[in-house]
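S.K.: fold the following for me, if possible:
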Amino acid sequence: MLNDSFSPLHRSAEQLRVALLALTAAALCLITVASAGDAPTVKFRAGAATSNITPELGIDIVGGFLPFPATHIHDELHARCLVLDDGKTMMALVVCDLLALHRCVSIEARKLIEDATGIPAANVLISATHTHSAGNAIGAPPRGFYSDHELTDYQRFVARRIADGVRRAVNLLRPAEIAFGTVDVPEHVFNRRWFMKPGTVPVTPFGGTTDKVKMNPGPGDPNLVEPAGPTDPIISFIALREPAGRLISVFSAYSLHYVGGVGLTEGHVLFGDTKEGTMALRLCPSLSMNSSKNFVNTGNSTGHAVNSNGDRDKDIWGKHANWVCYHGPDPKGNAISVVIFSHPSNLRSPTTWHARDYGLFAVNPFGLHDFEPDKPAGAGDYTIKKGDSLTLRYRFYFATGQADAAKLDAAFDVFAKTE
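M.R.: Residues are numbered from 1 along each chain as shown. As a prediction, this is how the structure comes out:
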């Protein structure tokens, strides 16, 4: 999967913008000086090349909650390399189709570039597109932080291919013209960090309780106060071409987090008509209505359940509803409510629920013949065809005390308006 915008690892978008504009201004001055004299002595040159950095199948794809192995190549991944030369100084700009890359990869690539081309390592800027559909060039585990570590085989491959791309861009240096510009594109940017109402920010991984800002709180969250900062809607770019001729390269910066995804690439996937699964929680015994399943007693059962239609306890199973709420005491005896909302855009909304009396709390749009006895087996089958996708959206809602149905309807209405 390729992403045309990028979030640099080693420089902020604003720093990149300043660098781009300064570079362009210097280049334009050079062109102006050269054109003003009868015998120009300085020629601005540019060269561009790409290197394929697609890993072998089986590598972990990073960017989601958990890594998973690559089984297909939807788009080849590349390191895009641009070299600029004003006759006195050379520099290289490299953008990689990666979630990110560890500093060790950058250090190794810049060393290889300096050894092979003479371009000083300090004159090489390497960034990543932040695509969520690429191999792991960060190191293992991808969510850890290590200042330095031994490079993996793929990291060494990426470093070498970056250096190869810059070498090829040097080989392709030719006289060039440069121009720059900016354009506002605000419709895609969003501040993911928001100030929240006091007491609603989760405890930090270090046990802290003083944070006022949360990342990715979710649109429509009733605890949102205001964004924790502005957004940057500006796309900055430089364009390079042969004098009055062919385009050489366009280099741009945009403060946009990854957006997108890929559909199925290896045939159709069938979700069968079965009541088991889809999105589920397993509740503690005190929230269930019958903790003795298969003759094994797991504790006192003091919970109750209700859905958006007013059905209660065992009667909620298999029914169509916008939401289901279980309420009762937690293991310490505190009254709580646990709710799942199913977005109205979901398949077969309002959906059916595999919500049992023993604490299995699942939303399931597929098991129609189990939930509705008049339906034949297979009535709930759903096939995602190659190249297509299916999005199912749910919201988990937790509250102290027994949640009021009217308030749950209002919270669902807020969720339903999110896109």
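S.K.: could you list the low-pLDDT ranges of the stretch 301-419 of the chain?
M.R.: Judged against pLDDT under 70, the stretch 301-419 of the chain has no low-scoring part.
S.K.: show me the helices in it, by range?
M.R.: 368-371, 405-416 (DSSP state H, counting those that start in this stretch).
S.K.: residues making contact with the shortest one?
M.R.: For helix 368-371, contacts defined as C-beta atoms under 8 Å, 6 or more residues apart in numbering pick out 273-275, 317-319, 348, 352, 354, 375-380. C-beta here means a position set from N, CA and C on the backbone, and glycine is covered the same way.
S.K.: hmm, back to that, between the helices of the stretch 301-419 of the chain, which gets nearest to residue 182?
M.R.: Residue 182 lies closest to helix 405-416 among the helices of the stretch 301-419 of the chain, at 36.1 Å (C-beta to C-beta).
S.K.: the closest one - contacts with which helices or strands?
M.R.: strand 323-329, strand 335-342, strand 394-400 (3 or more C-beta pairs under 8 Å, 6 or more residues apart in numbering; DSSP states H and E).
S.K.: how does it look with 7 Å?
M.R.: Helix 405-416 makes packing contacts with strand 323-329, strand 335-342 when contacts are defined by 3 or more C-beta pairs under 7 Å, 6 or more residues apart in numbering; DSSP states H and E.
S.K.: give me the neighbour count for residue 136.
M.R.: 24 (other C-beta atoms under 10 Å).
S.K.: check the one 3 residues further on too.
M.R.: Other residues near residue 139 number 20, with proximity taken as other C-beta under 10 Å.
S.K.: quick one: pLDDT of it?
M.R.: Reported pLDDT at residue 139 in the predicted model: 82.
S.K.: that one contacts residue 102, correct?
M.R.: Yes - counting by C-beta atoms under 7 Å, residue 139 does reach residue 102; the two are 5.0 Å apart.
S.K.: which residues in the stretch 151-300 of the chain form strands?
M.R.: Listed in chain order, the strands of the stretch 151-300 of the chain (DSSP state E, counting those that start in this stretch) span residues 174-175, 177-184, 193-196, 213-215, 224-227, 234-241, 247-253, 269-271, 279-282, 292-293, 296-297.
S.K.: okay, the ones you listed in JSON lines with mean pLDDT, mean neighbour count and distance to residue 312 next?
M.R.: Output for those, formatted as JSON lines (pLDDT from 0 to 100; neighbours: other C-beta atoms under 10 Å; distance: least, C-beta to C-beta, whole Å):
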{"stretch": "strand 174-175", "mean pLDDT": "96", "mean neighbour count": "14", "distance to residue 312": "77"}
{"stretch": "strand 177-184", "mean pLDDT": "93", "mean neighbour count": "14", "distance to residue 312": "53"}
{"stretch": "strand 193-196", "mean pLDDT": "91", "mean neighbour count": "18", "distance to residue 312": "33"}
{"stretch": "strand 213-215", "mean pLDDT": "88", "mean neighbour count": "14", "distance to residue 312": "34"}
{"stretch": "strand 224-227", "mean pLDDT": "89", "mean neighbour count": "13", "distance to residue 312": "32"}
{"stretch": "strand 234-241", "mean pLDDT": "94", "mean neighbour count": "19", "distance to residue 312": "54"}
{"stretch": "strand 247-253", "mean pLDDT": "93", "mean neighbour count": "19", "distance to residue 312": "56"}
{"stretch": "strand 269-271", "mean pLDDT": "81", "mean neighbour count": "14", "distance to residue 312": "29"}
{"stretch": "strand 279-282", "mean pLDDT": "85", "mean neighbour count": "14", "distance to residue 312": "19"}
{"stretch": "strand 292-293", "mean pLDDT": "49", "mean neighbour count": "14", "distance to residue 312": "20"}
{"stretch": "strand 296-297", "mean pLDDT": "45", "mean neighbour count": "10", "distance to residue 312": "23"}
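S.K.: to residue 74, which of the ones you listed lies closest?
M.R.: strand 269-271 (15.4 Å).
S.K.: what's the neighbour count on the closest residue in space to residue 189 that isn't next to it in sequence?
M.R.: Counting by C-beta to C-beta, 6 or more residues apart in numbering, residue 189 lies nearest to residue 231, which is 4.3 Å off, once chain neighbours are set aside. Residue 231: 14 surrounding residues under other C-beta under 10 Å.
S.K.: quick one, what contacts residue 231?
M.R.: For residue 231, the contact set (C-beta atoms under 7 Å, 6 or more residues apart in numbering) comprises 189-191.
S.K.: could you rerun that using 8 Å?
M.R.: So residue 231 contacts 186, 189-191, 255 (C-beta under 8 Å, 6+ apart).
S.K.: quick one: which of the helices of the stretch 301-419 of the chain is nearest residue 362?
M.R.: Comparing the helices of the stretch 301-419 of the chain under C-beta to C-beta, the one sitting nearest is helix 368-371, at 11.6 Å.
S.K.: many thanks, we can stop here.
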